[in-house]
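Asker: 3D model of this:
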Amino acid sequence: MSLRQQALSAGAVEELDSTDFEVFAHGTSASFADRIVATQGGCLSETGGKWGGRFFTVPDPAVALVFAKRTAGNTREVPKIVALALSREKYSSLRSRGLVSFPPIQGPPPGVSPNTPQFVFEQGALQELKRFGFFFIVK
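Answerer: Just a heads-up that it's a prediction; the model follows:
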């Protein structure tokens, strides 16, 4: 099932009040993924965390799972993927203001090409992700 189909099943249309949305996957440990969903992004720090307020995503859940396994392996937890659904209008707004970047993946884990697309929500985007995004667990 595609990320979009999973977002629809998880209730993205009701949460976003739109059928026109983008979906991004983020691989992490199970406890953090669950916390992101439970707080609808409220636990994401604008200044703290390993990446200083940046939120790294990919369009492919298989790639997100590779990152989740790497992160979970560091914490001895189970890997999990959380996804973010965001209306195309909000995504375009963030992008036009330079709050989404597309850098190459630095130091990719085995199985992930440095040419794999990634979408990084830059510091300053998190407030809008928390307010307008919909976070859910990828099955």
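Asker: contacts, neighbours, all on C-alpha from now
Answerer: Noted.
Asker: Could you pull out the helices in this protein for me?
Answerer: Assigned by DSSP state H, the helices in the chain fall at 3-10, 12-16, 30-38, 61-75, 88-96, 126-132.
Asker: Kindly reformat those helices as CSV and extend each row with mean pLDDT, mean neighbour count and distance to residue 45.
Answerer: Converted to CSV, those look like this (pLDDT from 0 to 100; neighbours: other CA atoms under 10 Å; distance: least, CA to CA, whole Å):
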stretch, mean pLDDT, mean neighbour count, distance to residue 45
helix 3-10, 97, 16, 24
helix 12-16, 97, 17, 22
helix 30-38, 97, 18, 11
helix 61-75, 90, 19, 18
helix 88-96, 98, 15, 18
helix 126-132, 95, 17, 8
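Asker: want to throw the ones you listed into TSV with distance to residue 110?
Answerer: Below are the helices of the chain laid out as TSV (distance: least, CA to CA, whole Å):
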stretch	distance to residue 110
helix 3-10	23
helix 12-16	32
helix 30-38	21
helix 61-75	8
helix 88-96	29
helix 126-132	29
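Asker: Can you tell me which of those helices is nearest to residue 111?
Answerer: With CA to CA, the closest approach to residue 111 among the helices of the chain belongs to helix 61-75: 7.4 Å.
Asker: helices or strands next to that closest one in the packing?
Answerer: Under the contact criterion of 3 or more CA pairs under 8 Å, 6 or more residues apart in numbering; DSSP states H and E, helix 61-75 touches strand 21-29, strand 79-87.
Asker: So for residue 68, which of these sits nearest?
Answerer: Nearest to residue 68 among the helices and strands packed on helix 61-75 is strand 21-29; the distance by CA to CA comes to 3.9 Å.
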